[in-house]
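K.L.:
Could you look at this predicted model? Sequence included:
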Amino acid sequence: MRNRKFDSWFLGVDLGTGSCKTVVVNEQLQVLGFGAADYPSTGIPDKWQEQDPESVLAGAITSVQNALQNVGDLPGKCAGLSIGGALHSLMAMDANGVPLTGIMTWADGRFAQQGKDIQQTPSAKKLYQSTGCPAHGIYPLYKIRWLKENKPHVFEKAARFLSAKEYVIYRLTHEYLVDYSVASGSGLLDIKGLNWNSTAMELAGVQDTQLSVVADPKTTLTGLNPDLARQMGLSPSTRLILGSSDAANSSIGAGAVRQHQATCMIGTSGAFRVITPNPILDAHVRTWCYAIDSKHWLTGGSINNGGIALSWLRDLLNRSNRSLHPEQLLSFSDLLALASSAPLGADGLVCLPFFAGERSPNWNLDSRAVFFGLSLEHEAQHIARALLEGIAFRMLSIKEILSEMVGDIQEVRASGGYTQSPFWLQLMTDVLNCEIQVSGWGETSSLGAAFWSLLGSGVFSGMEEIPSQITTQEWFQPNPADAQKYQILYNLYKSLYQAVRPSFGSLADIKSSFTMGF
């Protein structure tokens, strides 16, 4: 947090899957304050799969409240607010604006079959070429198809299909608008024409009137819902700049806006991506490409299992120690410390970390986690270390593909929660075998959201100004000996994946047959 005189201040809101985070900045994109909020529990069994829309809205409001309270007295006024939204979420809403479903997140694996059905058709390649999205159940296109096939009463009543961000913006402004990036993450947008794709809409069974109006991220709305604005601590006249997705904002906030700069992000999920001046697609359909605005596209690959895999292990270990008092339960920091106590390679334990299925590069929602080499000598610290190394191997597999597509990646910028852990950053640096730079502000998605507030307000003229505003605080260099060891382990990791790959589908079929009955 920095103190200096300024006339206006701006808000960037990162509406993530696990929580909402808000940053307050001045005209120089310098951080003045920060606030975060979890989404209140509503009794939905699996918060990663489906969330209550009102809970997400409440989390966004509380996040802004907390940020303003933490910064204290602010002279001047809020000149702009922008919201970044997590990709791939979907909810259905009736003609009266009443939610018919919860918000189905990227981690919801119920739609795998709908993606597989399209993968086997000639439409799959055509869809990828038009939308930049491989045929995969993570995309809202397939969630809509699932609703049509499995909950026809909901599908028939649905007047609108929205993402979490669109719902929050609707509640704040009563407008149905979606930015290019969040729209791209639905699998329904033509990434070159920047409008809804007719083939994709036909496959989903929807009309464009059931989708929000696609708009440039600089689009500005004036006039917030007075009651919600009051709860946040803002004037109802505050301008809302549409902004972009959390993925695009993560790269922007990290300062990686040129094609030779990549962002390595690990939050709940993870991604390795670059911003390019035109759409770049992979001949083997291993990556995705999403529009940001009319001059920039986001090209990369994502993993389903980042922090969510650590959450699984932490919760598993805590549940096994029910007798512990709350203050004795493991935190994420405790888990990372535990992992750091195990040697490189976890004493011969290798993890394929597919707890929530797989996105890039093989796009298989049937994939499941595997621990290979487990022995009686292994303890919790080895499992934690192997899990972190498995996540890093997933990122390396995407980096290799992107290097084929866009050329030499000269810089890697870190983004997401793992930037708080020097141990995890060094592990990732050694696995990728390249320097990783960490900016002075680790919550890059919220900072990227704030950028759109400044851009829409005329303070900045373009994305190219971002690198000069982002300072690098830390540089991590690979250890050559450790990088060599990780390359050996990575080769084993790839062999293991190919060996078990055919069994993922068989296991899914067996599980389904046991559930449904023979």
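P.N.:
Thanks, I have it.
K.L.:
list the buried ones in the host helix or strand of Ser503?
P.N.:
Using DSSP states H and E, Ser503 sits in helix 480-516. Neighbour-count burial for helix 480-516 flags Asp482, Tyr486, Leu489, Tyr490, Tyr493, Leu496, Tyr497, Val500, Phe504, Ala508 (criterion: 16 or more other Cβ atoms under 10 Å). From N, CA and C alone the C-beta is placed, and that goes for glycine too.
K.L.:
Which strands or helices does that helix pack on?
P.N.:
strand 350-352, strand 370-372, helix 380-406, helix 422-432 (3 or more Cβ pairs under 8 Å, 6 or more residues apart in numbering; DSSP states H and E).
K.L.:
Single out the most deeply packed of those.
P.N.:
Comparing these by mean neighbour count (mean count of other Cβ atoms under 10 Å), strand 350-352 ranks first with a mean of 24.
K.L.:
Name the strands paired with that one and say parallel or antiparallel.
P.N.:
Under the criterion DSSP bridges, strand 350-352 sits next to strand 370-372 (antiparallel) in its sheet.
K.L.:
How far away from the center of its chain is the partner strand?
P.N.:
25 Å (Cα atoms, centre = their mean, to the nearest Å).
K.L.:
How about residues contacting it?
P.N.:
Identification of contacts with strand 370-372 by Cβ atoms under 8 Å, 6 or more residues apart in numbering yields Leu349, Val350, Cys351, Leu352, Phe354, Ile383, Ala386, Leu496, Val500.
K.L.:
Let me see the mean pLDDT of it.
P.N.:
The predicted model gives strand 370-372 an average pLDDT of 98.
K.L.:
How about stretch 296-316?
P.N.:
The model assigns stretch 296-316 a mean pLDDT of 93.
K.L.:
For the stretch 251-400 of the chain, just list every one of the strands.
P.N.:
With DSSP state E, counting those that start in this stretch as the criterion, the stretch 251-400 of the chain has strands at 261-266, 270-276, 288-293, 296-303, 350-352, 370-372.
K.L.:
possible to save the ones you listed as CSV with distance to Gln473?
P.N.:
Formatted as CSV, the strands of the stretch 251-400 of the chain follow (distance: least, Cβ to Cβ, whole Å):
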stretch, distance to Gln473
strand 261-266, 16
strand 270-276, 21
strand 288-293, 25
strand 296-303, 24
strand 350-352, 30
strand 370-372, 35
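K.L.:
which stretch among those comes nearest Cys78?
P.N.:
strand 288-293 (23.4 Å; Cβ to Cβ).
K.L.:
what is the mean pLDDT for the closest one?
P.N.:
98.
K.L.:
Check stretch 256-272 too.
P.N.:
93.
K.L.:
Restrict that stretch to CA atoms and write it as PDB.
P.N.:
The C-alpha coordinates for stretch 256-272 follow below in PDB (Å, rounded to 0.1, in the frame of the first residue of the first chain):
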ATOM      1  CA  ALA A 256       2.800  -9.800 -19.600                       C
ATOM      2  CA  VAL A 257       1.100  -8.200 -22.600                       C
ATOM      3  CA  ARG A 258       3.600  -8.900 -25.300                       C
ATOM      4  CA  GLN A 259       3.900 -12.200 -27.300                       C
ATOM      5  CA  HIS A 260       7.300 -13.200 -25.900                       C
ATOM      6  CA  GLN A 261       6.000 -12.800 -22.300                       C
ATOM      7  CA  ALA A 262       4.000 -15.600 -20.700                       C
ATOM      8  CA  THR A 263       2.000 -15.700 -17.500                       C
ATOM      9  CA  CYS A 264       2.200 -18.800 -15.300                       C
ATOM     10  CA  MET A 265      -0.800 -18.600 -13.000                       C
ATOM     11  CA  ILE A 266      -1.800 -20.900 -10.200                       C
ATOM     12  CA  GLY A 267      -4.900 -20.100  -8.100                       C
ATOM     13  CA  THR A 268      -7.700 -22.500  -7.700                       C
ATOM     14  CA  SER A 269      -6.900 -23.800 -11.100                       C
ATOM     15  CA  GLY A 270      -3.900 -22.800 -13.200                       C
ATOM     16  CA  ALA A 271      -2.900 -21.600 -16.700                       C
ATOM     17  CA  PHE A 272       0.100 -20.800 -18.900                       C
END
